[in-house]
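Asks: Quick one: sequence and predicted model below, then my questions.
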Amino acid sequence: MTVAILVFACLVACGDSTGVNGDEGGDGETGPVQLAVEEVASGLSSPVYLTAPPGDARLFVVEQPGRIRIVENGQLLANPFLDITSLVQSGGERGLLSMAFHPDYAANAHFFVNYTGAGGDTRVVRYTVSGDPNVADPGSAKEIIVVEQPFSNHNGGLIMFGPDGMLYIGMGDGGSGGDPLGSGQDLRTLLGALLRIDVDGGDPYGIPPDNPFVADQGLRDEIWAFGLRNPWRFAFDRQGGLLYIADVGQNAWEEVNVVSAASAARNYGWNVMEGAHCFASPSCDQTGLTLPVVEYANAGSSCSVIGGYVYRGSAIEGIVGHYFYSDWCGGWLRSFKYDNGSVTDEQEWNVGNLGAVLSFGEDAQGELYMLSGNGRVYRLVAGS
């Protein structure tokens, strides 16, 4: 595949700049902070996600063609943890796009992957680790959910367990441009939505009874929120009780949304809105829509927002509570804090040239990583 994986918006541009080199501290406002990155792995093939089981010192890196690799004790292991390249349709925005460890992974050895199948559909599949903790059992596959994709782009791609133990699945609007099928505002389809399922509550999954549309005949019970174009990456801040969704825009605006993690039935506006602006019309009905807390324009060299995480690690005290994000084309690193409903302390950090940023990752200790189209994984560290 090429590094075109995240050209979701088929655009050119550059976003607004805010802050310089992190002039403010984190939760404790400890004064000027400098950040840098250190390389932790290289030679990877389109690394699109990084995560770790709870309490585990290893890093698990997802390669888009269909492999999961392990970084252990600072070394990239030669043998993949899982290789399903024969099952994955990879290229552009398709491929093996993320993985999630079950909250009780230490006991049940279950983890889940999100990939594009041979027919172009989105597949969420459960696997089990083998007797070797560094090797999964490829024969343990159990299909959880399959979502048909009408086009080859806007697949979403992230799966993540929330603080409530439910599995959340980010689904794009199905592709093409402008949402021609109207999926973003259609509660009868799983496209253009954030799904929430209980992988322990049924076979292959159960519907959480507090999902917002379970009592509405004809609507999809799995939907937790909707009105999304392509939520490539979202994140929970467990300490803050918030959900952050970075939704890739169409032609003009990239956006980051922040809501309470317990807030259901949110409508993020697509394709009525793009960012905080009416889409394809000078005016629109914004009643009931949740608008972004941060947006930036596609103008210059920015094109596709890459959502990250709220930093909750211990290595860099001054940035605790900052949400970090980037852009596939812009390659910059920015952050902000979200306190009591307001965005504060917006920063742009000088960490050098990282290439095309494909994704962020978080290890079991809460430290943050950036994954690049140059095949490298970088850890965020304190600068000097």
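Replies: Ah, there it is.
Asks: Give the burial count for the closest residue to residue 232 other than its chain neighbours, as a bare number.
Replies: Among residues not flanking residue 232 along the chain, residue 248 sits closest, at 5.7 Å (Cβ to Cβ, 6 or more residues apart in numbering). Every C-beta, even on glycine, is put in place using the N, C-alpha and C of the backbone. By other Cβ atoms under 10 Å, the residues close to residue 248 number 29.
Asks: packing partners for the helix or strand hosting residue 68?
Replies: Per DSSP states H and E, residue 68 falls inside strand 67-72. Contact here means 3 or more Cβ pairs under 8 Å, 6 or more residues apart in numbering; DSSP states H and E; on that basis strand 67-72 packs against strand 35-41, strand 59-63, strand 82-83, strand 96-101.
Asks: returning to what we had before: confirm for me that the residue nearest to residue 232 is in contact with residue 234.
Replies: No. Counting by Cβ atoms under 8 Å, residue 248 does not reach residue 234; the two are 11.7 Å apart.
Asks: Mind putting the helices and strands packed on strand 67-72 into a markdown table with distance to residue 131?
Replies: Shown next, in a markdown table, are those (distance: least, Cβ to Cβ, whole Å):
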| stretch | distance to residue 131 |
| --- | --- |
| strand 35-41 | 25 |
| strand 59-63 | 18 |
| strand 82-83 | 15 |
| strand 96-101 | 18 |
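Asks: Wasn't residue 296 part of a helix?
Replies: No. Secondary structure of residue 296, determined by DSSP: H, G, I helix; E, B strand; the rest coil: strand, with no helix assignment.
Asks: Between the helices and strands packed on strand 67-72, which one is closest to residue 208.
Replies: Across the helices and strands packed on strand 67-72, residue 208 has its closest neighbour in strand 96-101 (16.4 Å, Cβ to Cβ).
Asks: so what sits against both of residue 248 and residue 234?
Replies: Residues touching both residue 248 and residue 234 by Cβ atoms under 8 Å, 6 or more residues apart in numbering: none at all.
Asks: Could I get the phi/psi values of the closest residue to residue 327 other than its chain neighbours?
Replies: Nearest non-adjacent residue to residue 327, counting by Cβ to Cβ, 6+ apart: residue 302, 4.5 Å away. Backbone torsions of residue 302, given as degrees, to the nearest 10, read phi -100, psi 150.
Asks: What of residue 319?
Replies: According to degrees, to the nearest 10, residue 319 has phi -110, psi 10.
Asks: Also residue 107?
Replies: phi -100, psi -40.
Asks: Is it possible to get JSON lines of the helices and strands packed on strand 67-72 that adds mean pLDDT, distance to residue 265 and mean neighbour count?
Replies: Below are those laid out as JSON lines (pLDDT from 0 to 100; distance: least, Cβ to Cβ, whole Å; neighbours: other Cβ atoms under 10 Å):
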{"stretch": "strand 35-41", "mean pLDDT": "97", "distance to residue 265": "37", "mean neighbour count": "17"}
{"stretch": "strand 59-63", "mean pLDDT": "98", "distance to residue 265": "30", "mean neighbour count": "25"}
{"stretch": "strand 82-83", "mean pLDDT": "98", "distance to residue 265": "35", "mean neighbour count": "21"}
{"stretch": "strand 96-101", "mean pLDDT": "98", "distance to residue 265": "23", "mean neighbour count": "25"}
